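sequence plus predicted model, see below.
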Amino acid sequence: MSGASEIVALGSAAAPTRVRETAPPLIANALYLLPAFAVLAVFFLLPALATLGISFTDWTLGARKFTFVGLGNYLDLMASAEFRLSLVNTLKLNLFVIPASFLVALALALAIHNTVKLAPLWQTIYFLPVTTTLVAMAFVWQWVLHPEFGVVAWVLTGLGYQPVNWLNDSSLVLYTVGFISLWQLVGYYMVLFLAGLSSIPSSLYEAAAVDGARNPLDRFLHVTWPMLGPTALFVFVITVIKSFQIFDVVRVLTKGGPNKASEIVLHTLYQEGFVFLRTGRAAAIATLFFVVMLALTLYQMRVLDRRVHYGMR
Amino acid sequence: MSVRALLVHALLAAGAVIVLMPFAWMLSLSVKEEHEIFTSNLRFLPEHWDWANYIEAFTTGHVGTFLANGAIVTLSILALQIVTIVPAAYVLARKEFRAKPVIFGMVLAVLLIPPQVTAIPVYLMFAEAGLLDSYAALVVPFATSAFGIFLLHQGFKTLPQDLIDAARMDGASEFHTLWFILTPQLLPMIAAFGVFSIVAHWNDFFWPLLVITRIEHATPPLGISIFASDEGGNDVGPMMASATLIVLPLMLAFLIARRRFIEGVTLSGLKG
């Protein structure tokens, strides 16, 4: 290649664009970087720091004065029964959505991976909800689940059961919200699993068959699951991140109700910051949320690193 | 087909019924008159097909406004993102300079920040600037994407140096080399990023909910939620017609370009 670069050197020396090329590279680089990094600094990095700063104040939206209260907002939150309820609800919702999404997606991927001919059809159907606007589909679910005029009530009545008020029963509402989220995202996790499955070399299955692993369970335990490990970990972390981000369905269908039964952390953040205008307190919730998401994302990056390292895609 | 394969298909079909149920019900309610909606005597096909709901979705629901807003906002965001991301990613991938590790560190740091965390200060900036309830509030905060820079940085790294050398030899300026020789090589990657960006911003609810209160600037999810609260949620037929029109564009795009679409959407897995 040294020959080529010599020619380039000669070529560019003679080229008419010489003036432009001799501009100090530092300035050219800066000009190329400036628009993107101005936006990143103004709308991401500085606001993240500002949120942290505001979380140590008693500022309310629109107020011209504020005082520093140190960890006051955090201590208030920890002492508040309402916020503890919000945390417990978030935890309950996640403990349902995460394992359910993970297992359903894995089961779907395993089933679809083995149906060679119809695989594209099944994949398309199960992926369809991923493409939709969740807020719009939440209103649709409201009418599918309606205790009087909904399809589900109709089926239940037909089978001889009482209709259930899915979104207004405080013992069920979290699971209903969780189910709608699962409905939307399970196809997404499924596709990630399918990618992992298709990267397992079939020679491994042949070798396992020779070694006596003939039934599907043996093949799953001895080949599929160990080979799928990195993908599974990756999908798991994504399900955790995505379920912590659940907000839309709660906002448009339940507003945290009935009786705060579906009040979750992001909804509390919205209410505190933009309905009750307690900016300092909302910033403290945002900071706590940030810390949890940061830990998860850093862990995810480590997982991703390992996955790329082993060439699993 | 073996018994087991048949069983698998039967289970997948049962799951598919659940997955598709809301779509079927949405379409069904969107063409029903009110007395056919508020009845416990359910049927999927209406006795009388009533397209008036779709007309009402446009007249009282303003669905035309938010579909147009959705297109304006998502396409403006994407255009700005491409213009800012491409040069930044190129410099980070192909140039050596002292501040590079710091700047690349900034990109990675932004990847770690969830959108809900920056919302309060960014809201305050737009409030101070008197720019709430404007397209600017919806577009400007997303004028670049750390994830996009990261992605295209990887792309620019894989391009052969010969490509750049040859362009320079022909006397092409750096600007021309970047936009007309290197960038076209990365079109598949940019297309995947485009799908990712459009899907994310068409569907985003949290940010528009904060900065937009009037229907004139509402994007599709915010628009339908304003429609729902204005009508007390009881104008079911037109609501379902609106929902249909809102989910249709992305769904059609998915059905037409399935592979590319999945590629784009699963990119977000890398971002989280």
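Nice, thanks for sending it over.

alpha carbons only for contacts and neighbour counts from here, please
Will do.

tell me the confidence at residue 170?
Going with chain A. Looking at A:S170, its pLDDT stands at 89.

think we crossed wires, I meant chain B
The model's pLDDT for B:D170 equals 88.

the stretch 201-313 of chain A against chain B: which residues are in contact?
Applying CA under 8 Å from any CA of the partner chain, we find that the stretch 201-313 of chain A lies next to chain B at A:238, A:241-242, A:247-248, A:252, A:273-274, A:279, A:283, A:286-287, A:289-290, A:293-294, A:297-298, A:304.

list the ones among the residues you listed that fall in strands.
Using DSSP state E, no member of these falls within strands.

buried subset of those?
The neighbour-count criterion (16 or more other CA atoms under 10 Å in any protein chain shown) marks A:238, A:241-242, A:247-248, A:252, A:273-274, A:279, A:283, A:286-287, A:289-290, A:293-294, A:297, A:304 among those as buried.

inside helices: which ones of those?
Here DSSP state H is the test, and these give A:238, A:241-242, A:248, A:279, A:283, A:286-287, A:289-290, A:293-294, A:297, A:304 as lying in helices.

next, give me the two most distant ones among those.
A:T279 and A:L304 (35.5 Å; CA to CA).

how is the chain carved up into domains?
No chain was given, so I picked chain A. Taking automatic domain parsing as the criterion, chain A consists of the domains A:19-54, A:72-309.

hm, I was asking about chain B
If you go by automatic domain parsing, chain B breaks into B:1-50, B:62-271.

what about the longest one, distance to the chain center?
With CA atoms, centre = their mean, to the nearest Å as the basis, domain B:62-271 stands 7 Å off its chain's centre.

give me the residue from the stretch 51-200 of chain B nearest chain A.
B:A88 (4.5 Å; CA to the nearest CA).

C-terminal to the helix or strand hosting that residue, what's the next element?
Assigned by DSSP states H and E, B:A88 belongs to helix B:63-94. Beyond helix B:63-94 on the C-terminal side, the first helix or strand identified by DSSP H and E is helix B:100-111.

that next one packs against which elements?
helix B:146-158 (3 or more CA pairs under 8 Å, 6 or more residues apart in numbering or on different chains; DSSP states H and E).

so does the helix it packs on get close to chain A?
Yes. Helix B:146-158 lies within reach of chain A by CA under 8 Å from any CA, at B:A146.

now that helix: mean pLDDT?
Averaged across helix B:146-158, pLDDT comes to 92.

stretch A:194-207 now?
Stretch A:194-207 comes out at a mean pLDDT of 86.

same question for stretch B:36-53.
79.

start and end of that stretch, how far apart?
By CA to CA, to the nearest Å, the extent of stretch B:36-53 from end to end equals 13 Å.

alongside chain A, which residues does the stretch 151-272 of chain B contribute?
Near chain A, when you scan the stretch 151-272 of chain B using CA under 8 Å from any CA, you find B:165-166, B:168-174, B:199, B:202-203, B:205-206, B:210, B:221-222, B:224-225, B:240, B:243, B:246-247, B:250-251, B:254-255, B:258, B:266, B:269-270, B:272.

among those residues, which ones are buried?
Judged by 16+ other CA under 10 Å, buried ones among these: B:165-166, B:168-169, B:171-174, B:199, B:202-203, B:205-206, B:210, B:221-222, B:224-225, B:240, B:243, B:246-247, B:250-251, B:254, B:258, B:266, B:269, B:272.
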